[in-house]
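Asker: I would like the atomic coordinates for the input below:
(one chain, ligands or ions: 2)
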Amino acid sequence: MIRIDFLGTGNAFAPHGRLHSLALIDEKILIDTPPTLIPQLRRKGINISSIEHVLFTHWHADHTFGFPFFLLERKYISDRNQEKIPSIYLRPGGKKILSNLCNVGFPGSLEDIDKTAIWIEDEEINLIGTNWKFTRFPVCHTPETDPHGYELTHSSGLMLLHCGDSGPCKEIEKRAKNADVVILEMGMPDIGNFPHHYTPNDVRAFSDKFPDTFILVTHNFSNSGNAIGGFAMPDLPKGVYQLEDGDVLEISAERDFKISNNNK
Ligand SMILES: [Zn+2]
Ligand SMILES: [Zn+2]
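Answerer: Ligands and ions are numbered 1, 2, ... in the order given. Now for the predicted structure:
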């Protein structure tokens, strides 16, 4: 059984009913550390130190600013003897960015950054202690944030494509053909031309190109449910699922897909 938790599904603005986006695979592999990471994990009852691998997509604050809290919590609360050092997978230069963030946020508390985490810059690797391996690939987003996505392959052969924060791009489409599940971040509404973000029209075009692929939309610009202000949820084609906070995707050995939600 594969399990992917979408504890938060909002973009940088945390629209009504949504916290910032992250994906948690098999309760061990975390993609991105948004500012609301710790409350999201607490609400779900997940022990912070049970997360073994953290994969970063890029350096925007809505994907990284939870990192100092993540290390601080482990050091002082859930892994005081530092027996469960997490592995951090990131692009070259990322260690410096995240170290600075830790020192700005908690000066004097997280200076031993090499003791509190293992830093790995490989572009592809097996995630030890899990059934997954990944290949990282560049995507189309604010260049200063060194944006990337992850092609995650399970030992059963299932392929999960996490596209990171991106606009439509060839690298994603090249890989989507072989993917069983594609996670798209739909950061902007159809109010203009945004090459660095998928919009609903871009998602519709993507779905037309890959009609047999199961497409999950997260990092959503729209409100969840009815709210005053902000943007309403767009209509998207069948085969595209707009995730809500608390959604869980379970995939059985027979490749049956089930989405449920315990928050509701
Ligand atoms: Zn973002
Ligand atoms: Zn971004």
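
Asker: what number of residues lie near the closest residue to Asp202 other than its chain neighbours?
Answerer: Distances taken as C-beta to C-beta, 6 or more residues apart in numbering place Pro168 nearest to Asp202, at 5.1 Å, with adjacent residues excluded. All C-beta spots, glycine's among them, are computed from the backbone N, C-alpha and C. The tally of other residues near Pro168 (other C-beta atoms under 10 Å) stands at 22.

Asker: can you tell me how far Pro168 sits from Phe231?
Answerer: Distance, Pro168 to Phe231, by C-beta to C-beta, to the nearest Å: 20 Å.

Asker: Next: Ile31.
Answerer: In terms of C-beta to C-beta, Ile31 sits 24 Å off from Phe231.

Asker: Of those two, give the one with the bigger neighbour count.
Answerer: Shown here are Ile31 and Phe231; by other C-beta under 10 Å, Ile31 has more neighbours (24 against 18).

Asker: Just the pLDDT for the nearest residue to that one once chain neighbours are set aside.
Answerer: Leaving aside its chain neighbours, Ile31 sits nearest to Ala23 (4.4 Å; criterion: C-beta to C-beta, 6+ apart). Predicted confidence (pLDDT) for Ala23: 98.

Asker: Go ahead and confirm Ala23 touches Gly8.
Answerer: No. Using C-beta atoms under 8 Å, Ala23 is not in contact with Gly8; the gap is 9.3 Å.

Asker: Who has more neighbours out of those two?
Answerer: Between Ala23 and Gly8, counting by other C-beta under 10 Å, Gly8 is the more crowded of the two (28 against 25).

Asker: Quickly note the distance from the closest residue to that one other than its chain neighbours to Gln242.
Answerer: Closest residue to Gly8 apart from its sequence neighbours, by C-beta to C-beta, 6+ apart: Leu19 at 3.5 Å. With distances taken as C-beta to C-beta, Leu19 is found 15 Å from Gln242.

Asker: Equivalent analysis for Thr135, please.
Answerer: Counting by C-beta to C-beta - Thr135 and Gln242 are separated by 27 Å.
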